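Colleague: predicted model, plus sequence, below.
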Amino acid sequence: MSNKALLRLQDVQTVARYCGLSALIPAGMGLLSAPLAWSFGEKTGAVGFLMMSAISLATGGLLYICGIRRVLVNHYQIFWIISFSWLVISLLGTVPFMYVGAAAPAGSADAVLAQWSSALFESVSGFTTTGLTMVAGREAELGHSLQWWRSFSQWIGGIGIIMAVMMFIFSHRQSRAMVHVALGSVILRESVHETALRVWAIYTVYTVVIVGLLIPTDMGAWQAVNYGMTAISTGGFGVTGNSLGDFSRTAQAITMLGLILGALSFAAHQRAFTRQFAKIAENSELRWFLASMLILIGAMFISDLALGGNQAWPDVLFQSVTSLTTAGFSTGELSSWSLPLLMLIILAMVIGGCEGSAAGGIKISRFRRVLLELGNALRMLRTEPEAITDPEVVPEHFELDNRMLQALFLTALWVLTLITGVFLLSFMVDAPLLQIIFDAVSALGIVGLSSGLTQPDLSPAAKGILTLMMWLGRLEIIPILAIVLAPFYLHKPED
């Protein structure tokens with residue numbers, strides 16, 4: 001065996017070891033969920049959770065044994081660990097859906113998720129905090145076990161998976177690299193383990209606050225817990241058939257608060273908790289996010305008024321917030337909304353929330369950098385037009401920093417991935433192009449809003465494309481690209 005092949009095998013073994021450790025996450029989630037299912041008298045759900053825990057422990061143990069322990073892990077292996085950990089966890093997360101669905105009466109909402117492609121779709125949608133679902137409009141018919149599992153998977157997926165996997169990377173420098181992949185450039189504390197604990201504390205406190213605010217509204221305690229968990233994670237799974245449209249405007253407003261908190265950088269939350277309000281005010285990303293939200297709301301209201309004011313203003317406000325924060329909640333049927341409003345929602349889903357948050361999209365920080373570079377190009381066109389029309393002419397002051405290059409690169413990858421997904425889906429579904437684009441953007445932006453395309457009768461291939469896009473959107477594409485390119489290069493462990 002060549003030295004290069006040997007190193008590739010060692011890479012696989014290293015990744016297998018850490019993916020095996022990540023299987024402890026669904027194992028623990030199953031053990032926590034089984035008593036809850038039992039308390040509702042749903043023995044099938046309890047058995048399904050315990051079965052998932054057993055399978056997760058067996059799978060994790062096998063991967064761990066097959067792996068090797070290496071003190072140093074290079075950056076490419078961190079990409080692999082993150083990418084495949086999310087995949088392993090999502091695959092294991094299908095067990096409760098399939099087990100409960102198989103035991104449910106034919107035609108019931110639970111039974112819809114007995115099919116493997118639907119169960120995988122639902123699990124990936126949960127752990128990636130997307131919110132697209134195979135039981136749209138029938139969420140209230142699900143048993144408590146699956147309602148809980150969908151919400152719990154989104155709450156854990158909001159930030160917990162990467163934070164938990166990070167704890168298994170022992171090198172300080174390597175852990176910082178994983179935090180960078182998970183939270184962008186955000187480092188909340190000097191110690192990465194302290195960072196993980198601080199993120200979890202902030203996340204939990206906000207969840208408790210939102211749930212506490214929702215309980216006194218017209219939501220029951222069970223609904224408040226589920227919607228509180230999926231709001232702070234900007235997930236969008238619900239437990240009622242009409243999402244937030246079944247509840248009062250007060251409940252919707254509280255949910256919007258949770259969505260905005262979930263879409264803000266955890267660094268901003270940390271500064272708020274430590275009363276560093278001046279630094280919060282100086283944060284350009286936060287200002288751009290709030291400004292973008294106000295502009296979007298204004299554009300939505302003006303467009304709706306120009307078309308006759310067919311939508312109630314609270315619905316327009318709510319849909320503006322939920323689309324920019326990349327949550328899948330709605331207050332009505334989007335398929336009846338006008339074309340201009342749907343196009344604005346698509347744009348908002350592409351932009352997304354802040355870097356280092358639970359939100360998806362290309363992120364507001366990258367959107368800002370791309371717009372700034374476009375502004376520079378326009379100024380250059382006015383002052384030095386030859387620099388735009390002649391590729392041989394490069395102005396002396398022209399320079400792209402690394403952050404700008406990253407923003408342009410990821411934006412280009414995002415658009416290319418979206419076009420590819422829309423192209424493939426157009427062969428598989430018989431639907432208007434806008435409807436395909438809307439759900440494709442929703443999947444890649446890990447948003448969860450649907451124009452009605454996502455249904456149980458989709459072909460397994462179409463479900464597979466949307467599932468892949470949700471996975472790519474959660475990982476922001478670059479780790480997957482690194483995995484694809486890795487076999488062509490030799491990567492030595494970092495010092």
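Modeller: Okay, I see it.

Colleague: every contact and neighbour count from this point should use C-alpha atoms.
Modeller: Will do.

Colleague: helix or strand: which one has V47?
Modeller: helix 43-66 (DSSP states H and E).

Colleague: need the contact partners of that helix.
Modeller: Here helix 43-66 makes contact (C-alpha atoms under 8 Å, 6 or more residues apart in numbering) with 13, 16-24, 26-31, 33-38, 92-93, 95-96, 99-100, 103, 145-146.

Colleague: what's the first helix or strand after that helix?
Modeller: Next along from helix 43-66, by DSSP H and E: helix 75-92.

Colleague: and that next one with helix 43-66, angle?
Modeller: Relative orientation of helix 75-92 and helix 43-66, computed by axes from the mean of the first three to the mean of the last three C-alpha atoms, to 10 degrees: 150 degrees.

Colleague: may I see the buried residues of helix 75-92?
Modeller: 75-92 (16 or more other C-alpha atoms under 10 Å).

Colleague: in the chain, what helix or strand scores lowest on average pLDDT?
Modeller: In the chain, the helix or strand scored least confidently by mean pLDDT, DSSP states H and E is helix 172-183, which has a mean of 52.

Colleague: and L261, what does it touch?
Modeller: For L261, the contacting residues are Y206, I232, by C-alpha under 8 Å, 6+ apart.

Colleague: mind telling me what element it is part of?
Modeller: Using DSSP H and E, L261 sits within helix 249-263.

Colleague: quick one: the next helix or strand after that helix to helix 249-263, angle?
Modeller: Counting by DSSP H and E, the element after helix 249-263 in chain order, helix or strand, is helix 266-273. Here helix 266-273 points in a direction 110 degrees away from that of helix 249-263 (the same axes, to 10 degrees).

Colleague: quick one: helix 266-273 to chain centroid distance?
Modeller: With C-alpha atoms, centre = their mean, to the nearest Å as the basis, helix 266-273 stands 20 Å off its chain's centre.

Colleague: same check, this time on stretch 126-134
Modeller: 8 Å.

Colleague: what's in contact with it?
Modeller: 86, 90, 112-113, 118, 121-122, 125, 150-151, 153-158, 230, 233-237, 326-328, 442-443, 445-450, 454-456, 470-471, 474.

Colleague: please apply the same query to stretch 449-458.
Modeller: By C-alpha under 8 Å, 6+ apart, stretch 449-458 touches 112, 118, 131-136, 323, 327-330, 334-335, 429, 431, 435-436, 438-439, 442.

Colleague: would you write a PyMOL line that selects the buried entries of these?
Modeller: The following PyMOL line selects those of the contacts of stretch 449-458 that are buried, judged by 16+ other C-alpha under 10 Å:
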select buried, resi 112+118+131+132+133+134+135+136+323+327+328+329+330+435+436+438+439+442
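
Colleague: please enumerate the helices of the stretch 101-250 of the chain.
Modeller: Remark: helices assigned in the stretch 101-250 of the chain by DSSP state H, counting those that start in this stretch are 109-112, 116-127, 144-166, 172-183, 192-214, 221-232, 249-263.

Colleague: of all the ones you listed, which lies closest to Q311?
Modeller: For the helices of the stretch 101-250 of the chain, proximity to Q311 was assessed by C-alpha to C-alpha; helix 249-263 is nearest, at 14.6 Å.

Colleague: report the inter-axis angle for that closest one versus helix 192-214.
Modeller: With the same axes, to 10 degrees defining the directions, helix 249-263 sits at 170 degrees from helix 192-214.

Colleague: noted, bye for now.
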